[in-house]
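**Student:** task: produce atomic coordinates for the following.
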Amino acid sequence: MKKLLISILFFGFFLHGYSQSFGEIQEVEAIGDNLYPIGPIPFIRTSFDIVDFYQFEFNELVPTTGRTSFWESVNKFTLDLSEVAFVNWNAGGANSISGLYGMNIARTYRNVGFRWDNQFRFRYGINQQEGQELRKTDDDLEFSSSFGYEVSKNSRWFYTGKFRFKTQVARGFNYPDTEASISEFMAPGYVFLGVGAKYVEFNEKFELYLSPLTQKSTFVLNQRLANQGAFGVRGAVRDSQGNMIKEGKTSRNELGILITNELEQKIFDSTSLISRLSLYTDYINNFGNVDVDWELIFEFDINHFMRASLGAHIRYDDDIKIRKEASDGTPEDGGTAIQLKQQLGIGVVLDL
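**Tutor:** Numbers count the residues shown, from 1 in each chain. The predicted structure follows:
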């Protein structure tokens, strides 16, 4: 009898323990707890009715933000117009209209320490004044490309090779003389090719390029200008009577040091300062005599589509001689001088 009571009591405790596990799931341990240091959140921690559960969100499985391209682009187009008209104006004057078109297209590739910068700039201006033919006021075509690799991880210095090309697209004259051009496409044309180091700020508003080894090639593909020795090429060889013995060369090569700097600085909320500077000196021919090309521009934002600009462009090149008119009316060599251009305009800007 005692054995029967003990058996019934033991069986009762056994059924009571299993009745709890049958009616309620206490906890399910995630297998991942043994695999990951932190461990995932269990899918189920519940009673007979589910108290808590974990569900993956879509954003945790598929990234929806992040870099979609290693290329950055700039597409900027400007058009400045000015006009003056007179009707019975007793102070006198001539009706005129002028325009200046500009474009700046840039593409930059950045990935894993590599940086590839490409930029195309073009400006062309014309002026039409009453009683005169259409005249060119500005003409500049420039393309540059530089490829670099960072000196160290996350450094702002890059080992860089750089290519730069400059010329103009239309014929230029020493007005009012329009018989013989003083410049045209690839007369002159400049090609710079070198290696060095480039520093770029995080905000991309400051850039400095230093090259101890750059080849500068000057092209004058107009034989008449080449015979005159224009833009530093070797002129034609003539005898004592002025007869040509040998035509002038259409190109000239130099090897020297190139330093360029580009700066864009916000002065006020609607005013920006843009500076582009290029310095070059040749190792062999008159080392220390520096060619200067400096462009300084103030831009005033009126609204999103309109802006005003005030700029100056200074050039000095010992190889470029200024042509002057002698007392008898014939042209003569006026030597080397500083070239200066100043512009003031207001117009439309389109930034895509």
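**Student:** for residue 91, give me its contacts.
**Tutor:** When contacts are counted by C-beta atoms under 8 Å, 6 or more residues apart in numbering, residue 91 touches no other residue. C-beta here means a position set from N, CA and C on the backbone, and glycine is covered the same way.
**Student:** kindly report the same for residue 196.
**Tutor:** By C-beta under 8 Å, 6+ apart, the contact list for residue 196 reads 160, 162, 209, 210, 211, 212, 213, 214, 258.
**Student:** can you tell me the closest non-neighbouring residue to it?
**Tutor:** Once flanking residues are discounted, residue 196 sits nearest to residue 211: 3.2 Å by C-beta to C-beta, 6 or more residues apart in numbering.
**Student:** bridging residues for that neighbour?
**Tutor:** Beta-bridge partners of residue 211, counted by DSSP bridges, are residue 258.
**Student:** and it, how far is that from residue 192?
**Tutor:** Distance, residue 211 to residue 192, by C-beta to C-beta, to the nearest Å: 9 Å.
**Student:** give me the common contacts of these two.
**Tutor:** Common neighbours of residue 211 and residue 192, using C-beta under 8 Å, 6+ apart, are 162, 258.
**Student:** pretty sure residue 277 is touching residue 290, no?
**Tutor:** No. With contact defined as C-beta atoms under 8 Å, residue 277 does not reach residue 290; the gap is 11.2 Å.
**Student:** residue 127 versus residue 95, what's the distance?
**Tutor:** In terms of C-beta to C-beta, residue 95 sits 12 Å off from residue 127.
**Student:** residue 144 against residue 161, yeah?
**Tutor:** No. The pair residue 144 and residue 161 fails to qualify as a contact (C-beta under 8 Å) at a distance of 11.7 Å.
**Student:** the more surrounded of those two?
**Tutor:** Remark: of residue 144 and residue 161, residue 144 carries more neighbours, 18 against 15, as counted by other C-beta atoms under 10 Å.
**Student:** contacts only, for that one.
**Tutor:** 117, 118, 119, 162, 163, 164, 165.
**Student:** ok, of those residues, which one's closest to residue 273?
**Tutor:** residue 119 (18.9 Å; C-beta to C-beta).
**Student:** which stretch of helix or strand covers the closest one?
**Tutor:** In the assignment (DSSP states H and E), residue 119 maps to strand 114-129.
**Student:** which helices and strands does that strand pack with?
**Tutor:** Applying 3 or more C-beta pairs under 8 Å, 6 or more residues apart in numbering; DSSP states H and E, one finds that strand 114-129 contacts strand 96-111, strand 135-150.
**Student:** for residue 270, which of these is the nearest?
**Tutor:** strand 96-111 (19.4 Å).
**Student:** just the CA atoms of the closest one, as CSV, please.
**Tutor:** As requested, the backbone C-alpha atoms of strand 96-111 are provided in CSV (Å, rounded to 0.1, in the frame of the first residue of the first chain):
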residue,chain,number,x,y,z
SER,A,96,26.5,99.4,-79.1
ILE,A,97,25.6,95.9,-77.8
SER,A,98,28.0,93.4,-76.4
GLY,A,99,27.8,89.8,-75.0
LEU,A,100,30.0,87.4,-73.2
TYR,A,101,29.3,83.7,-73.1
GLY,A,102,31.0,81.4,-70.7
MET,A,103,30.9,77.7,-69.8
ASN,A,104,32.6,75.7,-67.1
ILE,A,105,32.3,71.9,-67.2
ALA,A,106,34.1,69.7,-64.7
ARG,A,107,34.2,66.0,-63.9
THR,A,108,36.0,64.5,-60.8
TYR,A,109,36.5,60.8,-60.1
ARG,A,110,37.5,59.8,-56.5
ASN,A,111,37.8,56.2,-55.2
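**Student:** quick check: angle from that strand to strand 135-150?
**Tutor:** 10 degrees (axes from the mean of the first three to the mean of the last three C-alpha atoms, to 10 degrees).
**Student:** sheet partners, orientation included, of strand 96-111?
**Tutor:** strand 71-84 (antiparallel), strand 114-129 (antiparallel).
**Student:** ok, which stretches of the stretch 251-352 of the chain are strands?
**Tutor:** For the stretch 251-352 of the chain, the strands defined by DSSP state E, counting those that start in this stretch occupy 251-268, 271-282, 291-301, 306-316, 323-325, 331-333, 339-351.
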